[in-house]
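> I'll drop the sequence and a predicted model, then ask my questions.
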Amino acid sequence: MPNPSATMRLFCLPFAGGGASAYRGWGQALPTVELYPVRLPGREARLGESAFTVMRDLVESLADEIVPYADKPFALFGHSMGALVSFELARALRRRGARPPAMLFLSAHRAPHLPLRRLPLAGMNDAEFLEALRRFGGTPPEVFAHQELLDIVLPTLRADFTLCDGYRHVPEAPLDCPFILYAGRQDSEVSPAEVEAWGEHTTQGARLRLFPGDHFFLHSNRDLLLRAMASVLA
């Protein structure tokens, strides 16, 4: 959102199946930035568009959109899938010679060179896939209770996990911006050590902050997370 007094823009990338609404209200808690929640295809106002299933295609499309906004310093925040997208987006911008992000906030995702610990979800049948989603958390319970809602969200969720599970890290030079790393103490999907390993991919250092909560601590401990981010951005 436009904020003439802001010194930085903050682009927020969603988790798998999530949308820009996950960051509703963040602007009030982060008054020093212009907040831009990224609206990906396949959800919310872009529900009629097909979600991306290949990381490179997604980040090249996002780079096209973000380059015109790079006239001011900016940072990227991504939670879970969004962290991986943020990292690859920063690398795509570098390949174009565009302004790099001032910092990356990478939350609740293992470092990109580490292997996937769980079974890939993309090839599961619907019953197996839905059970895996329940274990993840993050999907509102009412979605599982209504077939009509499931029919709407399942294609995008499957596309997002196809994108994540099909990702293969290609080594490049480390990025020249600091990484702010966030992890949940009770997250069964990714350990703090796996998040801390992002530090291998920056020349400017990485700081890990742990929060109470599981994989979706950005919901359960939203205020604590936003206070931590505000202190960094200030």
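Cool, got the structure.
> Let me see the confidence value for the residue nearest the centre of the chain.
Central residue of the chain (C-alpha atoms, centre = their mean): residue 82, 1.4 Å from the mean position. In this model, residue 82 is scored at 98, pLDDT.
> cool, and residue 223?
At residue 223, the pLDDT value in this model is 96.
> what about the nearest residue to the residue nearest to the centre of the chain once chain neighbours are set aside, how many neighbours?
Sequence neighbours aside, residue 13 is the residue nearest to residue 82 in space, at 3.3 Å (criterion: C-beta to C-beta, 6 or more residues apart in numbering). For every residue, glycine as well, the C-beta is placed using N, CA and C. Number of residues near residue 13 (other C-beta atoms under 10 Å) recorded here: 28.
> There's contact between residue 13 and residue 86 in this structure, I believe.
Yes. Using C-beta atoms under 8 Å, residue 13 is in contact with residue 86, at 5.2 Å.
> Where does pLDDT dip in the chain?
For the chain, applying pLDDT under 70 flags the ranges 1-2, 138, 140-146.
> and the residue nearest to the centre of the chain, what does it touch?
Each residue near residue 82 by C-beta atoms under 8 Å, 6 or more residues apart in numbering is listed here: 12-15, 18, 107, 109.
> Pull up the gap between it and residue 97, please.
24 Å (C-beta to C-beta, to the nearest Å).
> How about residue 219?
From residue 219 across to residue 97, the span is 37 Å (C-beta to C-beta).
> Residue 153 too?
Distance, residue 153 to residue 97, by C-beta to C-beta: 38 Å.
> Ok, residue 13 next?
According to C-beta to C-beta, residue 13 and residue 97 sit 22 Å apart.
> one step back: helix or strand: which one has the residue nearest to the centre of the chain?
In this structure, residue 82 sits in helix 81-95 according to DSSP states H and E.
> That helix: which residues count as buried?
81-94 (16 or more other C-beta atoms under 10 Å).
> which among these gets closest to residue 185?
Taking C-beta to C-beta as the measure, residue 185 lies nearest residue 83 of these, at 17.3 Å.
> Can you tell me, leaving aside adjacent residues, what's nearest to the closest one?
residue 109 (3.8 Å).
> residues near the one you found, how many?
If we define neighbours as other C-beta under 10 Å, then residue 109 has 28 of them.
> Let me see the ranges of the strands in this protein.
For the chain, the strands defined by DSSP state E occupy 8-13, 33-37, 74-79, 103-107, 179-184, 206-211.
> right, so the ones you listed: which one is the most enclosed?
For these, the largest average neighbour count (mean count of other C-beta atoms under 10 Å) is found in strand 103-107, namely a mean of 27.
> Which neighbouring elements make contact with it?
Where contact means 3 or more C-beta pairs under 8 Å, 6 or more residues apart in numbering; DSSP states H and E, strand 103-107 is packed against strand 74-79, helix 81-95, strand 179-184, helix 222-233.
> now with 10 Å?
Here strand 103-107 touches strand 8-13, strand 74-79, helix 81-95, strand 179-184, strand 206-211, helix 222-233, going by 3 or more C-beta pairs under 10 Å, 6 or more residues apart in numbering; DSSP states H and E.
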